[in-house]
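[1] Sequence first, predicted coordinates after that:
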Amino acid sequence: MLSVVSYPERGNGGRNYYRGNCSPKMIEDIIKQYRLHNLNDYMCGSGTTEDVCKMLGVDTRCYDLNRGFDMMTMDIPERPENIFFHPPYDDIIVYSDHMYQADDIIQKYGFDPRINDLSRCKDWEDFVKKMNYCVNKQFASLEKGGRMFVLMGDIKKKGKLYSMLCDIAKPGTLEQIVIKMQHNCVSYNRQYTGSFIPIVHEYMMIVRKDAAMIYDVGLTHYHKFDMRESMSTTWRDVVASVLEDCGDMELKEIYSKIEGHKKCQNNVHWKEKVRQVLQCYSEFTSQNEVYGKLLNRERLSIRQSFFLH
């Protein structure tokens, strides 16, 4: 197994009509690479992991919402050696009432799978929270020395990338990231305009449990960054950001946007600094005591026009 894998032929296992299931050949490679004697799957979908393990004579226990197991509310029944986890990719494919009927689960098992279906989360933040709950719950159930194999992908919506790899919890020892090429993607048959780059790969994160009781967990945290509160930004960048966000304004208005922030606290002459920046750099304009900022493409256009004349 290499750090980049590709399976043009899906292989045998699971149900190929069940959308989003992975190649059985990947499960087979995991088992052979790590010489696994056990591999459990608590979101097994159509049963790909189960089929491959049975074919190779590997012990397995497989569960899913469509089999009556709700990871958000139920205890993991075993303490496995290894776990394969392939969660939904947010709402890209909705499973309950599409791949299986929720009413069947309600009648058979007594709960509504739509409530905790990870493909029905209200937004990305809700999805990440529930996904990471599942990651940490499964990793905690592993025996010491065990591994968790997490297959995931990136999502593009309205010009923004939502990366499961970036936002997923990373418990224990991060052992390997494997890139898996995707085949038969919808993206292959579409023509895109502009700067859009189609996503044709997935990731498999491999984390190892070297300690049973106390271990590291890597989590991604996002916070707002205010240019005016940072001592590492230059005055040029601060003034430019004010004008780019707020538009043309008088000098006193620029002062009001900057005053009271950390950037001013260590410089009693900060107003003089603002005036110096406005006078020294060509991207800033002034007309009738109103200041503005030219974007780079506007400055280039002015230069080209100058040389043409």
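    Cool, the structure landed. Quick caveat: nothing in here was measured; it's all calculated off a predicted structure. Numbering: from 1, shown residues only.
[2] Assign the residue nearest to Met1 when sequence neighbours are not counted to one of the three secondary structure states.
    Nearest in space to Met1, with sequence neighbours left out and distances taken as C-beta to C-beta, 6 or more residues apart in numbering, is Gln33 at 4.3 Å. All C-beta atoms are positioned from the backbone trio N, CA, C, and that covers glycine. Following DSSP: H, G, I helix; E, B strand; the rest coil, we place Gln33 in the helix state.
[3] What's the separation between Gln33 and Gly20?
    23 Å (C-beta to C-beta, to the nearest Å).
[4] Between those two, which is the more surrounded one?
    More crowded of Gln33 and Gly20, by other C-beta atoms under 10 Å: Gly20, with 16 against 13.
[5] State the pLDDT value of the more buried one.
    Gly20 carries a pLDDT value of 83.
[6] Please verify my assumption that it contacts Asp91.
    No: in this structure, Gly20 is not within contact of Asp91 by C-beta atoms under 8 Å, at 11.6 Å.
[7] packing partners for the helix of greatest length in the chain?
    The helix that spans the most residues within the chain, counting by DSSP state H, is helix 124-141. Where contact means 3 or more C-beta pairs under 8 Å, 6 or more residues apart in numbering; DSSP states H and E, helix 124-141 is packed against strand 82-85, strand 147-157, helix 164-167, strand 170-171.
[8] And for it, what's in contact with it?
    42-43, 71-72, 76, 78-80, 83, 85, 87, 90-91, 116, 118, 121, 148, 150, 162, 164, 167-169, 171-172, 207, 209, 217, 219 (C-beta atoms under 8 Å, 6 or more residues apart in numbering).
[9] Geometric centre of the protein: which residue is closest?
    Central residue of the chain (C-alpha atoms, centre = their mean): Ser163, 1.9 Å from the mean position.
[10] Which parts of the stretch 201-309 of the chain are helices?
    Under the criterion DSSP state H, counting those that start in this stretch, the stretch 201-309 of the chain carries helices at the ranges 235-246, 251-258, 262-265, 270-280, 296-308.
[11] winner for burial among the ones you listed?
    Most buried of the helices of the stretch 201-309 of the chain by mean neighbour count (mean count of other C-beta atoms under 10 Å) is helix 235-246; its value is a mean of 17.
[12] packing partners for it?
    Using 3+ C-beta pairs under 8 Å, 6+ apart: helix 235-246 touches helix 251-258, helix 270-280, strand 284-287, strand 290-293.
[13] try it again with 6 Å
    helix 270-280, strand 290-293 (3 or more C-beta pairs under 6 Å, 6 or more residues apart in numbering; DSSP states H and E).
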